[in-house]
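Novice: Attaching a predicted model along with its sequence, questions to come.
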Amino acid sequence: MSANETPPRAPADFEKVAIGAQATVATFKEETPSLLKRIQHLLHVHPTAIPALVLVLSVAVFAMAGGQRFLTAFNLSVVLQQVTIIAVIGIAQTIVVLTAGIDLSVGAIAVLASMVMGKLAVTAGVPTPLAILIGVAVGAACGAVNGILVTRFRLPPFIVTLGTWYMVFALNLWYSDSETIRSQDIGETAPLLQFFATAIPIGDARLTYGSIAMVIAIALFWYLLSMTAWGRHVHAVGDDPEAARLAGIRVERVLMSVYIVAGIVCAFAAWMMISRYGSASPQSGQTSNLDSITAVVIGGTSLFGGRGSIVGTLLGALIVGVFRNGLALSGVNVLWQDFAVGALIIVAVALDQWLRRVSQ
């Protein structure tokens, strides 16, 4: 051994080195999250908490501002009737938005399906149940077109549905000859089309079959999205489509099913639309697209996909209905009612961006 070489350490020396290394290991103390961070995480996990709170506060405020008129059973049943169609169309919009898409054609599809049902049953003499089924098939076909363009041609959902909105609206005017099918004609020839307008008096309130059907539809899609493999796949595709594909999920098939189901839901809303308005008009539902997006956004569903719920959409529709009804009873101009709804949308999107930071 040369003079410059270090002699090997004895076993005792190795033990001393090990003990010293253990003594110098850095320890990290976990930072206790602040109250704001805990609230942020809680709301991220439970996205319907915010719209539920907003709805309760809105009812309380308008109950104080509007006096006894607002909290009457009759007025609250009217609010429920007013949001029925938007809530059902909002179901279709929600399942699309959950996949990080958007469907601007939902309103036009509903109107086209309503005109198909009305003309076949009233003008062509087709049995009403068959006319309704054909209308549902038309809605499914429109949804399938959207799905094919999004999945097979890889086109952005916003552009696809904007284009199909124009196309479906043009088909609607062509098919209907821009003529409205009157309520009297529907009542005499195809009263089944007005089925959802039938009301059950409960004290001063009037609960329609349409409102009951809306609650059933919300419950059904809550189950499908929360308790089934299809619902988990929809959330996974919206959260990260590439990760979903690597996990074995057939992303294109899921997206295709989402757009077809959305079309079917819109056709179901078309039947309710005829019942609600009493007639089938090619000019009805002009704002259904934006109204459904409003309900979805205010209801806490993220426009970036993967997070949200059908119950939140119902709450969002109820919030808009309560705001419009309460402001109207308070004597507020319609322009300022729209202003208030617009402010709600901006606040909802800002909250969504804030909550998204939890996962970043």
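Specialist: Okay, I see it. Numbering: from 1, shown residues only.
Novice: pull the CA atoms of stretch 177-194 into PDB?
Specialist: Included here for stretch 177-194 are C-alpha records, laid out as PDB according to Å, rounded to 0.1, in the frame of the first residue of the first chain:
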ATOM      1  CA  ASP A 177     -92.700  26.300 -44.600                       C
ATOM      2  CA  SER A 178     -92.200  28.800 -41.800                       C
ATOM      3  CA  GLU A 179     -95.700  28.100 -40.600                       C
ATOM      4  CA  THR A 180     -96.800  27.500 -37.000                       C
ATOM      5  CA  ILE A 181     -99.100  24.500 -36.200                       C
ATOM      6  CA  ARG A 182    -101.800  26.000 -34.000                       C
ATOM      7  CA  SER A 183    -102.600  24.800 -30.500                       C
ATOM      8  CA  GLN A 184    -106.200  24.200 -31.400                       C
ATOM      9  CA  ASP A 185    -105.300  21.900 -34.300                       C
ATOM     10  CA  ILE A 186    -102.900  19.900 -32.100                       C
ATOM     11  CA  GLY A 187    -105.500  19.600 -29.300                       C
ATOM     12  CA  GLU A 188    -108.100  18.300 -31.800                       C
ATOM     13  CA  THR A 189    -105.900  15.900 -33.800                       C
ATOM     14  CA  ALA A 190    -102.900  14.900 -31.600                       C
ATOM     15  CA  PRO A 191    -103.600  15.800 -27.900                       C
ATOM     16  CA  LEU A 192    -100.800  13.400 -26.800                       C
ATOM     17  CA  LEU A 193     -98.400  16.100 -28.000                       C
ATOM     18  CA  GLN A 194     -99.700  18.300 -25.200                       C
END
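Novice: Pull the residues that contact it.
Specialist: 115, 117-119, 121-123, 128-129, 131-132, 271, 274-275, 277-283 (C-beta atoms under 8 Å, 6 or more residues apart in numbering). Backbone N, C-alpha and C define where each C-beta goes, glycine included.
Novice: can you give me the strands in the stretch 151-300 of the chain?
Specialist: Taking DSSP state E, counting those that start in this stretch to define them, one finds strands in the stretch 151-300 of the chain at 199-202, 205-208.
Novice: Figure out which of those strands is closest to L155.
Specialist: Among those, strand 205-208 comes nearest to L155, with 39.1 Å by C-beta to C-beta.
Novice: buried ones in stretch 325-336?
Specialist: N325, G326, L327, V332 (16 or more other C-beta atoms under 10 Å).
Novice: Quick check, pLDDT for the residue lying closest to S211 once chain neighbours are set aside.
Specialist: Spatially, and ignoring its direct neighbours in sequence, S211 is nearest to L80 (4.9 Å; C-beta to C-beta, 6 or more residues apart in numbering). On the pLDDT scale, L80 is placed at 95.
Novice: Repeat that for H46.
Specialist: Value for H46, per-residue pLDDT: 70.
Novice: Any figure for the gap between it and G300?
Specialist: 9 Å (C-beta to C-beta, to the nearest Å).
Novice: Between the two, which is the more surrounded one?
Specialist: Shown here are H46 and G300; by other C-beta atoms under 10 Å, G300 has more neighbours (27 against 13).
Novice: ok now do that one, which residues does it touch?
Specialist: G300 neighbours (C-beta under 8 Å, 6+ apart): P47, T48, I50, P51, G308, S309, G312, L315, G316, A348, L351, D352.
Novice: go on, L55?
Specialist: L55 neighbours (C-beta under 8 Å, 6+ apart): L315, L318, I319, V322.
Novice: does F304 count as helix, strand or coil?
Specialist: coil (DSSP: H, G, I helix; E, B strand; the rest coil).
Novice: Please apply the same query to L80.
Specialist: Once three-state DSSP is applied, L80 turns out helix.
Novice: How about the contacts made by it?
Specialist: L80 neighbours (C-beta under 8 Å, 6+ apart): L207, S211, L318, G321.
Novice: Can I get the strand or helix carrying the last one as PDB, trimmed to CA atoms?
Specialist: Put plainly, it is G321. Using DSSP states H and E, G321 sits within helix 310-329. What follows is helix 310-329, C-alpha atoms only, in PDB (Å, rounded to 0.1, in the frame of the first residue of the first chain):
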ATOM      1  CA  ILE A 310     -76.600  17.000 -14.000                       C
ATOM      2  CA  VAL A 311     -77.900  18.100 -10.600                       C
ATOM      3  CA  GLY A 312     -75.800  21.300 -10.900                       C
ATOM      4  CA  THR A 313     -77.400  22.000 -14.300                       C
ATOM      5  CA  LEU A 314     -80.900  21.800 -12.700                       C
ATOM      6  CA  LEU A 315     -79.700  24.100 -10.000                       C
ATOM      7  CA  GLY A 316     -78.300  26.500 -12.600                       C
ATOM      8  CA  ALA A 317     -81.600  26.500 -14.500                       C
ATOM      9  CA  LEU A 318     -83.500  27.200 -11.300                       C
ATOM     10  CA  ILE A 319     -81.100  30.000 -10.400                       C
ATOM     11  CA  VAL A 320     -81.800  31.700 -13.700                       C
ATOM     12  CA  GLY A 321     -85.500  31.100 -13.300                       C
ATOM     13  CA  VAL A 322     -85.500  32.500  -9.800                       C
ATOM     14  CA  PHE A 323     -83.500  35.600 -10.800                       C
ATOM     15  CA  ARG A 324     -85.800  36.400 -13.700                       C
ATOM     16  CA  ASN A 325     -89.000  35.800 -11.800                       C
ATOM     17  CA  GLY A 326     -87.800  37.600  -8.700                       C
ATOM     18  CA  LEU A 327     -86.500  40.600 -10.600                       C
ATOM     19  CA  ALA A 328     -89.800  40.800 -12.600                       C
ATOM     20  CA  LEU A 329     -91.900  40.800  -9.400                       C
END
